[in-house]
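Q: model the structure of this input:
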Amino acid sequence: MSKHLFNNIERRSINIVKGEGIYLIDDKENKFMDLWGDYIHPLGYGGYINESLTEFIHKSLPHQNPKIIQVDIVDKAADMLCEMAGYDKVLFTSSGVLGIEAAVKLARKYWYDKGLYNKKTILSLYGGFHGRTYVGLSLSDADGYGSPYHRSGFSAYGCDNWESGYKIIPKAVLEKRQLKSFLKNHYLDCDTIAAILVTTINGVNTVFSYGKKNLLYLQSFCKQKNILFITDEIQTGMGCCGDILSYKIFGLNRPDISVVAKKLAMGFPLAAVLTTEEISETFTYGTHFDTFAGGTLACFMMFKYLLWYKNNFKDTLKMAEYLGKELQKLPFISKVTRFGWQMAFWLDDKIKNKKQFASFAINNGLIIGQFRENPIKLQPPFIITKEEIDMMIEKIKRTIKDMEVQE
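A: Below is the predicted model:
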């Protein structure tokens, strides 16, 4: 492995030379089921992705484009995304966290343009994670399901500092519907809150929902108090939760702003900020720009994914349900949570060295992201078959046996 790369990621000594379906294949022809893939590969590797790339090449389109020049496929991709997600306007960014940055800027400037200069504070929820830029870190909860090392040592603004303009809503405040008194206790009122940012389903290090009633309460509170309601759909959107956007499965009204990324362009760097016509007018010429965002290749791949989604996605949910049920049958798994393809399982307390599960799993051909003992999150490509799920379950069983032998 290169000695020049930073060590901010724990890399395995496996040299991947090929991707095929749900598999990554190394230089020794070992096959690994990719059940992690940074959550950005809805259709795995090769196959439809390669077909789409070949189609793009044959069109002789530029892979990038000056943003002041119209490219039909970019416009078509934008139109299709807004139509499917139920929004009026879309702003492309080059990553999910840059979408969060843009959403925060949009919310604050929206109120500023209305002469409400004190509406600056952005609230987020306990257990949330919204990325690794300073705004993302300041909106993330290092004491919840997020990890402390995300913020430690970086002098991030910190959500416990009201002067920074960011604050986390604690669990008890949300569940007891005490948001108004919570703000009052911190010498603030609703006239200073620009937006509340939520992940309807938290998918970092775990999979849990804040619950339909709590989410409806937050959205209703925002409407009553003149506060924008923003959803972070980076890990939940584009089918991960079982629908195009997760707000739909909770019966919420369309949020004022939603941010999507990850699976949006089948692994190519693209994110999108979706909003209403009125709010979009906040960004006038020159107020916001992202160099790589909305490039021709990335938008083409998004367009191809949305076409696939329209024609095929619903059929895949049967496999997600089957996988969830098969996991629940395993005696060493104490709990499974699932929302569509977003799922996680908890290893039983009898299993020792739980933190080593992913390390043992890779020896059995499973690539899994694990950042703590429990839970362990899975998000295989949507194209996984019943036979491959059965094989995965057997590999998980073998992994547990290997761990027990190691004890």
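Q: what's around Pro170, how many residues?
A: Using other Cβ atoms under 10 Å, Pro170 has 16 other residues around it. In short, each C-beta sits where N, CA and C put it, glycine included.
Q: residues contacting it?
A: Neighbour list for Pro170: 126, 182 [criterion: Cβ atoms under 8 Å, 6 or more residues apart in numbering].
Q: for it, give me the backbone phi and psi.
A: phi -70, psi 160 (degrees, to the nearest 10).
Q: so Phe360 is in which element?
A: Using DSSP states H and E, Phe360 maps to helix 357-363.
Q: ditto for Lys314
A: Per DSSP H and E: helix 296-329 holds Lys314.
Q: quick one: mean pLDDT over that helix.
A: Averaged across helix 296-329, pLDDT comes to 97.
Q: and that helix, how far out from the chain middle?
A: Chain-centre distance of helix 296-329: 15 Å, with Cα atoms, centre = their mean, to the nearest Å.
Q: so what's the residue lying closest to His63 once chain neighbours are set aside up against?
A: Nearest residue to His63, sequence neighbours excluded (Cβ to Cβ, 6 or more residues apart in numbering): Leu297, at 4.4 Å. Residues near Leu297 by Cβ under 8 Å, 6+ apart: 56, 61, 63-64, 268.
Q: the same query, at a cut-off of 10 Å, please.
A: The contact partners of Leu297, by Cβ atoms under 10 Å, 6 or more residues apart in numbering, come to 52-53, 56-57, 61-65, 73, 265, 268-270.
Q: so Asn205 touches Gln235, yeah?
A: No - using Cβ atoms under 10 Å, Asn205 makes no contact with Gln235, being 11.2 Å away.
Q: who has more neighbours, those two?
A: Set Asn205 next to Gln235 and count neighbours by other Cβ under 10 Å: Gln235 wins out with 26 against 20.
Q: now do the SS call for the most centrally placed residue in the chain.
A: In the chain, the residue lying closest to the centroid (Cα atoms, centre = their mean) is Gln235, at 1.6 Å. For Gln235, the assignment made with DSSP: H, G, I helix; E, B strand; the rest coil gives coil.
Q: kindly provide the distance from it to Gly96.
A: Using Cβ to Cβ, to the nearest Å, Gln235 is found at 8 Å from Gly96.
Q: return the set of buried residues in the lowest-mean-pLDDT helix or strand in the chain.
A: Across the helices and strands of the chain, the lowest-confidence element by mean pLDDT, DSSP states H and E is helix 179-185, at a mean of 81. Across helix 179-185, burial judged by 16 or more other Cβ atoms under 10 Å covers 179, 182-183.
Q: picking up where we left off before, mutual contacts of Gln235 and Gly96, please.
A: When contacts are counted by Cβ under 10 Å, 6+ apart, Gln235 and Gly96 have 40, 260-262 as shared neighbours.
Q: pLDDT wise, what is Ala261 at?
A: Confidence at Ala261, expressed as pLDDT, is 96.
Q: correct me if wrong: it contacts Gly237.
A: Yes - using Cβ under 10 Å, Ala261 makes contact with Gly237 at a distance of 7.8 Å.
Q: doesn't Ile393 belong to a strand?
A: No - the assignment for Ile393, made by three-state DSSP, is helix rather than a strand.
Q: Thr200 and Ser246 touch, don't they?
A: Yes - the pair formed by Thr200 and Ser246 meets the contact definition of Cβ under 10 Å, at 4.4 Å.
Q: so what sits against both of the two?
A: Listed as contacting both Thr200 and Ser246 by Cβ under 10 Å, 6+ apart are 209, 215, 231-233, 236-237, 252, 258, 339.
Q: which one (most neighbours) among the residues you listed?
A: So for the shared contacts of Thr200 and Ser246 (other Cβ under 10 Å), the most neighbours sit at Asp232, 33 neighbours.
Q: Asp290 versus that one, what's the distance?
A: In terms of Cβ to Cβ, Asp232 sits 18 Å off from Asp290.
Q: equivalent analysis for Ile249, please.
A: The gap separating Ile249 from Asp290 is 29 Å, by Cβ to Cβ.
Q: same question, Gly136
A: Separation of Gly136 from Asp290 (Cβ to Cβ): 15 Å.
Q: neighbour count for those two, which is higher?
A: Shown here are Gly136 and Asp290; by other Cβ under 10 Å, Gly136 has more neighbours (22 against 17).
Q: and that one, its phi and psi?
A: According to degrees, to the nearest 10, Gly136 has phi -60, psi -40.
Q: surely it and Glu101 touch.
A: Yes - using Cβ under 10 Å, Gly136 is in contact with Glu101, at 7.4 Å.
Q: overlap in contacts of those two?
A: Taking Cβ under 10 Å, 6+ apart as the contact criterion, the common neighbours of Gly136 and Glu101 are His130.
Q: contacts only, for Lys325.
A: Neighbouring residues of Lys325 by Cβ under 10 Å, 6+ apart: 336, 338, 389.
Q: using TSV, lay out these together with pLDDT, neighbour count and secondary structure.
A: Listed next are the contacts of Lys325 as TSV, based on pLDDT from 0 to 100; neighbours: other Cβ atoms under 10 Å; DSSP: H, G, I helix; E, B strand; the rest coil:
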residue	pLDDT	neighbour count	secondary structure
Val336	96	20	strand
Arg338	95	20	strand
Ile389	98	20	helix
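Q: from those, pick the one nearest Ile196.
A: Arg338 (26.1 Å; Cβ to Cβ).
Q: now the helices for the stretch 151-300 of the chain?
A: Secondary structure of the stretch 151-300 of the chain by DSSP state H, counting those that start in this stretch: the helices cover 171-175, 179-185, 212-225, 277-280, 296-329.
Q: show me what the shortest one is in contact with.
A: With contact meaning Cβ under 10 Å, 6+ apart, helix 277-280 is reached by 87-91, 103, 106-107, 109-110, 228, 256-257, 273-274.
Q: quickly list the domain ranges of the protein.
A: According to automatic domain parsing, the chain comprises the domains 16-47+316-406, 52-308.
Q: lowest average confidence across the ones you listed, which one?
A: Among those, domain 52-308 carries the lowest mean pLDDT (a mean of 89).
Q: how about Ala361: what's its closest non-neighbour residue?
A: In this structure, Ala361 finds its nearest non-sequential neighbour in Thr399, 4.7 Å apart by Cβ to Cβ, 6+ apart.
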